[in-house]
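next comes the sequence, and after it the predicted model I'd like to discuss.
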Amino acid sequence: MKYIDFHCDTITELHDHPEKGTLMENSLYIDLQKLKKGGCFIQDFALWVDRKETPDLWKRYEDLLGTFQRELEAYHTCLCPIRCREDIREAEEEGKIGALLSVEGGEVAAGSVEKLEQLYKDGVRLMTLTWNYPNEIGFPNGMEGKDRGITKKGWEIIKAMESMHMIVDTSHLNDEGTREILMTCKVPPVASHSDARAVTAHRRNLPDDLIRLFGDKGGLIGLNFANHFTGTGEVTTLENLVRHARHIRDIGGIDVLALGSDFDGIEPKLELKDASDMGRLAEALKKGGFREREIDKIFWWNGLRYLEDVLR
């Protein structure tokens, strides 16, 4: 079954650990061979910049971008960059895997609309507003600033993102900031890799009121495979992924649910072997009571609808 995945950290891993291989073949959860075997239609590739480990955030971004561009060029016969709706159709017609480029951590833009515009020119079509530290846009889901919303500069960035049809991603953002965006933005956001807090009480997971708002506003929530978000102890089991999927569906509706694996950015202990094993998740959802049409929506239909609505 084909699928769309809204988050992975494979490019960052390949950049920092070139000994692990290339995007075509490596020892990670994702490479092109695994994606093809698993049925991947579109894969989001995040460029993650950790502000506490990186003195020059823009240089780090450019270095990661260079790695992505080199891999894209090396394997252009099986990869198609997704920058607009037409690229989605081209990828499907040519039998290529769509590559959606994102930035994880809005501090890369440093509150500058000009830098945001450069990200867009570079092909970035989704930006995760925060990672685990406060920045010019807002506050993460941690103790610091947990009740504070989007900053004045943050609204400038978000409005600019909306105007250029760059996807706003609220994963890692605190509840108040996420709530403000859902209530204010004309274009619904995504939570690219988040689970349900009512199932696993982790601050990175979404409470029911926000899941409901995502559903009401037409946004997307990508099911995250990380064991500390799914509540599975040392190993992320298919059973617990199904539990989170069921809860998100029941609260927000089936149209809100997508996939956001977080492959290569999470602890390497999953019941799924790697991206080639995604069919097992579909089977687990079916055994868990999901209908075929619902599984199609989770795996690709909801994501495709959203991308075609937002990208231009």
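Sure thing, it's come through.

what distance do you get for the nearest residue to residue 277 once chain neighbours are set aside to residue 94?
Excluding its sequence neighbours, the residue lying closest to residue 277 (Cβ to Cβ, 6 or more residues apart in numbering) is residue 38, at 6.6 Å. For glycine as for every other residue, the C-beta is placed from the backbone atoms N, C-alpha and C. For residue 38, the distance to residue 94 (Cβ to Cβ, to the nearest Å) stands at 19 Å.

distance between stretch 182-201 and the chain's centre?
Centroid separation between stretch 182-201 and its chain, computed with Cα atoms, centre = their mean, to the nearest Å, is 11 Å.

ranges for the helices of the stretch 101-250 of the chain?
In the stretch 101-250 of the chain, the helices defined using DSSP state H, counting those that start in this stretch lie at 113-121, 152-163, 175-184, 208-217, 227-230, 238-252.

what angle sits between the top helix by length along the chain and helix 113-121?
In the chain, taking DSSP state H as the definition, the longest helix is helix 57-74. Per axes from the mean of the first three to the mean of the last three Cα atoms, to 10 degrees, the angle that helix 57-74 makes with helix 113-121 is 10 degrees.

next secondary structure element downstream of helix 57-74?
Using DSSP states H and E, the helix or strand that follows helix 57-74 towards the C-terminus is strand 79-81.

pairing partners for that next one, with directions?
strand 97-104 (parallel) (DSSP bridges).

list the contacts for the residue nearest to residue 277?
By Cβ atoms under 8 Å, 6 or more residues apart in numbering, the contact set of residue 38 is 3, 274, 275, 276, 277, 278, 279.

most surrounded residue in those?
Per-residue neighbour counts (other Cβ atoms under 10 Å) across the contacts of residue 38 peak at residue 275, which has 27 neighbours.

which residue, other than its chain neighbours, is closest to it?
Closest residue in space to residue 275, ignoring its immediate chain neighbours: residue 34 at 4.2 Å, by Cβ to Cβ, 6+ apart.

burial of the one you found, as a residue count?
20.

which of the residues in the longest helix of the chain are buried?
Residues 57, 58, 60, 61, 64, 65, 67, 68, 71, 72 are the ones in helix 57-74 that count as buried (16 or more other Cβ atoms under 10 Å).

one more: stretch 111-123?
For stretch 111-123, a neighbour-count test (16+ other Cβ under 10 Å) marks 111, 112, 113, 115, 116, 118, 119, 120, 123 as buried.

give me phi/psi at the second one?
For residue 112, the backbone dihedrals (degrees, to the nearest 10) come out as phi -110, psi 120.

distance between the least confident helix or strand in the chain by mean pLDDT and the chain's centre?
Ranked by mean pLDDT, DSSP states H and E, the weakest helix or strand in the chain is helix 227-230, scoring a mean of 93. Between the centre of helix 227-230 and the centre of its chain there are 16 Å (Cα atoms, centre = their mean).

which other residues reach it?
Residues contacting helix 227-230 (Cβ under 8 Å, 6+ apart): 194-195, 199-200, 202, 204-205, 224, 233-237, 240-241, 243-244, 266-267, 269-270.

stretch 175-187 too?
129-130, 138-139, 141, 146-150, 154, 158, 162, 165, 168, 170, 173, 188-189, 191, 206-207, 209-210, 213-214, 217, 219, 310.

quick check: mean pLDDT of that stretch?
Averaging pLDDT along stretch 175-187 yields 98.

same check, this time on stretch 58-75
Stretch 58-75 comes out at a mean pLDDT of 98.

please shift the residue numbers so they start at 138 in all later answers.
Shifting the count to begin at 138 puts that one at stretch 195-212.

CA atoms only: put it into PDB for me.
This file holds the C-alpha atoms of stretch 195-212, laid out as PDB (Å, rounded to 0.1, in the frame of the first residue of the first chain):
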ATOM      1  CA  TRP A 195      22.200  29.300   9.000                       C
ATOM      2  CA  LYS A 196      25.500  27.600   8.200                       C
ATOM      3  CA  ARG A 197      24.200  24.300   9.600                       C
ATOM      4  CA  TYR A 198      21.100  24.600   7.600                       C
ATOM      5  CA  GLU A 199      23.100  25.300   4.400                       C
ATOM      6  CA  ASP A 200      25.300  22.200   5.100                       C
ATOM      7  CA  LEU A 201      22.300  20.000   5.600                       C
ATOM      8  CA  LEU A 202      20.600  21.500   2.500                       C
ATOM      9  CA  GLY A 203      23.800  20.600   0.500                       C
ATOM     10  CA  THR A 204      23.500  17.000   1.600                       C
ATOM     11  CA  PHE A 205      19.900  16.800   0.600                       C
ATOM     12  CA  GLN A 206      20.600  18.400  -2.800                       C
ATOM     13  CA  ARG A 207      23.500  16.100  -3.500                       C
ATOM     14  CA  GLU A 208      21.400  13.000  -2.700                       C
ATOM     15  CA  LEU A 209      18.500  14.400  -4.800                       C
ATOM     16  CA  GLU A 210      20.800  14.900  -7.800                       C
ATOM     17  CA  ALA A 211      22.500  11.600  -7.400                       C
ATOM     18  CA  TYR A 212      19.200   9.700  -7.400                       C
END
